[in-house]
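**Q** from the sequence below, what's the structure:
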Amino acid sequence: MNLAPAGLEILAIGREILARWPDREVETPLSFRDARLAALDVRQPIFSVEGAIAAQRDTVSTAARALLPIMAKELWFVGSAGALEENRADELRGDILGQLAQWNGDMDRFSPEPLVFWAWARALQKRILQDEFPSATTVWARPNADILFAVLSDRGGSAIWCDIRPSTRIETCQDQVRAALDDAIGWLVDRYGPDPSDWVWGEAHALNMGWAPIRSSGIISDLLSLEAPSSGDPYTLIATLFSSDNDRPFAASAGTNFQAVMSFSEEAGSYFIAPAGQSGHPLSRFYENLFLMWMQGKYLTMSTDLSLARGGAVGTSRLSPVSVDTPTIQNDRSR
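**A** Below you'll find the model as predicted:
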């Protein structure tokens, strides 16, 4: 996978990517998002507003594209230990591996592959770390692509973490990968049923935007929150964070609530979107009026022509700081 501009060789993927220029070696640490952005830069050598919007909404996970080949290499090309057994479990495992082999890492909310991958990654991290931190569930419950990549690639001897310390035999990472896949399939079947086509990422990865003054759950919180199936993951350019809720481990606990692309060459060439509307206040008639557009990846045009802005304004707010510590706001006309 070429993730770099012409002449730049990517030697690894993850927090410790090494970028080697032809005339000299330069070590540059890149995150998974940086690697994805570099790939998009190669495709778009000339900057455009459309390209910037596409990058903001990009849902391809470089973390998944880096981890999946390491996790599945023995299962794809060698086969599982029970490959010759004709039973439903092996058939289901084979179907899932076949789907993942065709997947490009796109965390699309309507697809099953993102859910299968992250359920597998989560089960694997649990198997790797739970024996070391049995009571610290926060350490192993939320999947961390950097930890998994380091261990599976044996960076600095990190593969030793795959061994279960209390056991007498020495477990390898491939042992854990195989067992974790069965763990994940069992978890998915119990939760979403036996048909993988029903395992939809957006159902597990719902983004809930709660109104800030109300933090607790309940009827009021549910009424004032905005929730919808969401694409992406913590490592895509449109970033979301996984929840720490064990019942909903992939629910998006945070995401972007304002996106904008500014053009300095065209007065009407800037765009923005805010999912909670103009005010972000649930009692405002403008609350959630832009939420559907945000979910559909649409933007509103923003003009930098002040005459247009003033001509359509219903009022003007002036920030007049009296001192550094005590700013005041004056409204010429309220809404």
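**Q** so who does the closest residue to residue 205 other than its chain neighbours touch?
**A** Using CB to CB, 6 or more residues apart in numbering and skipping residues adjacent in sequence, the residue nearest residue 205 is residue 250, 4.9 Å away. Heads up, the C-betas are built off the backbone N, CA and C, glycines and all. Shown in contact with residue 250 (CB atoms under 8 Å, 6 or more residues apart in numbering): 115, 118, 201, 204, 205, 242, 243.
**Q** just residue 310 next, same as before
**A** Contacts of residue 310 by CB under 8 Å, 6+ apart are residue 316.
**Q** after the helix or strand hosting it comes which helix or strand?
**A** Secondary structure assigned from DSSP states H and E places residue 310 in helix 306-311. For helix 306-311, the succeeding helix or strand toward the C-terminus, using DSSP H and E, is strand 317-321.
**Q** helices of the stretch 101-250 of the chain, start to end?
**A** 113-129, 137-140, 145-152, 173-192, 201-204, 219-224 (DSSP state H, counting those that start in this stretch).
**Q** how much space between residue 143 and residue 189?
**A** Plainly put, residue 143 is 19 Å away from residue 189 if you go by CB to CB, to the nearest Å.
**Q** higher neighbour count, the two?
**A** Taking neighbours as other CB atoms under 10 Å, residue 143 and residue 189 compare with residue 143 leading, 24 against 15.
**Q** give me the pLDDT value at the residue positioned nearest the centre of the chain.
**A** For the chain, the residue nearest the mean C-alpha position is residue 233 (1.3 Å; CA atoms, centre = their mean). For residue 233, the model assigns a pLDDT of 94.
**Q** ok, residues contacting stretch 63-77?
**A** 1, 13-14, 32, 97, 100-101, 103-105, 107, 114, 117, 120-121, 124, 145, 148-149, 152-153, 174, 177-178, 181, 233-235.
**Q** may I have that stretch exported as PDB, CA atoms only?
**A** The C-alpha coordinates for stretch 63-77 follow below in PDB (Å, rounded to 0.1, in the frame of the first residue of the first chain):
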ATOM      1  CA  ALA A  63      -5.600   1.300  11.300                       C
ATOM      2  CA  ALA A  64      -7.900  -1.400   9.900                       C
ATOM      3  CA  ARG A  65      -5.900  -1.600   6.700                       C
ATOM      4  CA  ALA A  66      -2.700  -2.000   8.700                       C
ATOM      5  CA  LEU A  67      -3.900  -4.500  11.300                       C
ATOM      6  CA  LEU A  68      -6.200  -6.800   9.300                       C
ATOM      7  CA  PRO A  69      -3.500  -8.300   7.000                       C
ATOM      8  CA  ILE A  70      -1.400  -9.200  10.100                       C
ATOM      9  CA  MET A  71      -4.400 -10.600  12.000                       C
ATOM     10  CA  ALA A  72      -5.800 -12.600   9.100                       C
ATOM     11  CA  LYS A  73      -2.700 -13.700   7.200                       C
ATOM     12  CA  GLU A  74      -2.600 -17.300   8.600                       C
ATOM     13  CA  LEU A  75      -6.300 -17.700   8.400                       C
ATOM     14  CA  TRP A  76      -6.500 -16.300   4.800                       C
ATOM     15  CA  PHE A  77      -3.600 -18.200   3.300                       C
END
